[in-house]
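# Starting from these lines, generate the structure:
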Amino acid sequence: MTCPGLLDRLRRLPDPRRLRGRRHPLSYVLALAACAVLAGAKSLTAIAEWAADAPDQLLLHCGAALRDPDRPYRAPSETTVRRVLQRVDGDALDATVGGWLTARADASRAADQDEYPPSGPVRAAVAVDGKSLRGAIRADGRRVHLLSALRDHGIVLAQREVDAKSNEITAFRPLLEPLDLTGAVVTFDALLTQTDHAKFLVEDKSAHYIAVLKGNHPTLHPLVKDLPWQDVPLMDRTRAAAHGRDGIRRLKAVTVPHLPFPHAGQGPSLPTRR
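The predicted structure is shown next:
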């Protein structure tokens, strides 16, 4: 299975700049910015400085155009980098990068399954989570908050900025709408455990879900919490240390007919100690 490279996909993005005065292709500026960030650049100035010091061979691979015989390839200035990154369509860029990562993940999975055929059906796992960005501040002083869909091994399939006057709930469906989630298992936290989200995933996207249940569902939460979990056999136990915490997770699951939540048939239990 083959898939187009990232540079090929970036070339399809609409350029927000006027045709007159363009010195560098949009895909070239974006590719250099991506390389600079991967190399540790944390500001627009740092991106431009890294690009200015990059060797000609790297500039060529990123899509540089021949302009000056004295120096075959030129890097964009800090002003050009700033204007491009401020004006490019962020949602379109996210969709482009997410599509490229998805294609690579699918190709890698297909190759692994050809070499090591799985003993049973394998479902893609997609986690939906929101995080506030460090160093990204809106004009009103609020931090930029993104809702992201992550696949196995932390691959970001899509992300969407949560509007300052809204929350993650309203961004959930627009985030997942463009993705092919057929047969996937989508997980999300208690805030996103909404009946509309469950119906959307199962009925519109042909996916499965694992929802976190807390006090925001005052009727359903006690019903699941008070099940006789001590009589349910333990299915799995994991222990991991992260962010200064020692976490132990024990997994149990029991079929519960007629749960008052759309398409819910099981009540899993994941008690955690830290």
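
# Would you mind listing the buried residues in the lengthiest helix in the chain?
Counting by DSSP state H, the longest helix found in the chain is helix 90-115. Under the neighbour-count criterion of 16 or more other C-beta atoms under 10 Å, helix 90-115 has 93-103, 105, 109 buried. (Each C-beta comes from the backbone N, C-alpha and C, glycine too.)

# Quick one: list the elements packing against the next helix-or-strand element following that helix.
Using DSSP states H and E, the helix or strand that follows helix 90-115 in sequence is strand 125-137. In terms of contacts (3 or more C-beta pairs under 8 Å, 6 or more residues apart in numbering; DSSP states H and E), strand 125-137 is packed against strand 143-151, helix 168-176, strand 185-188.

# at 10 Å instead, please
strand 143-151, strand 155-161, helix 168-176, strand 185-188, strand 208-211 (3 or more C-beta pairs under 10 Å, 6 or more residues apart in numbering; DSSP states H and E).

# Tabulate the ones you listed (JSON lines), appending distance to Cys62 and mean neighbour count.
Putting the helices and strands packed on strand 125-137 into JSON lines (distance: least, C-beta to C-beta, whole Å; neighbours: other C-beta atoms under 10 Å) gives the following:
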{"stretch": "strand 143-151", "distance to Cys62": "26", "mean neighbour count": "19"}
{"stretch": "strand 155-161", "distance to Cys62": "21", "mean neighbour count": "20"}
{"stretch": "helix 168-176", "distance to Cys62": "29", "mean neighbour count": "18"}
{"stretch": "strand 185-188", "distance to Cys62": "35", "mean neighbour count": "20"}
{"stretch": "strand 208-211", "distance to Cys62": "40", "mean neighbour count": "18"}
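
# can you put those in a markdown table and add mean pLDDT and distance to Asp226?
Shown next, in a markdown table, are the helices and strands packed on strand 125-137 (pLDDT from 0 to 100; distance: least, C-beta to C-beta, whole Å):
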| stretch | mean pLDDT | distance to Asp226 |
| --- | --- | --- |
| strand 143-151 | 88 | 32 |
| strand 155-161 | 86 | 36 |
| helix 168-176 | 93 | 27 |
| strand 185-188 | 94 | 23 |
| strand 208-211 | 92 | 18 |
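
# The ones you listed into TSV, with extra columns for distance to Ala51?
Shown next, in TSV, are those (distance: least, C-beta to C-beta, whole Å):
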stretch	distance to Ala51
strand 143-151	24
strand 155-161	23
helix 168-176	31
strand 185-188	38
strand 208-211	43
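
# So which residue is dead centre in this structure?
Val156 (2.7 Å; C-alpha atoms, centre = their mean).

# Tell me the spacing between that one and Leu93.
Val156 is 12 Å from Leu93, where distance means C-beta to C-beta, to the nearest Å.
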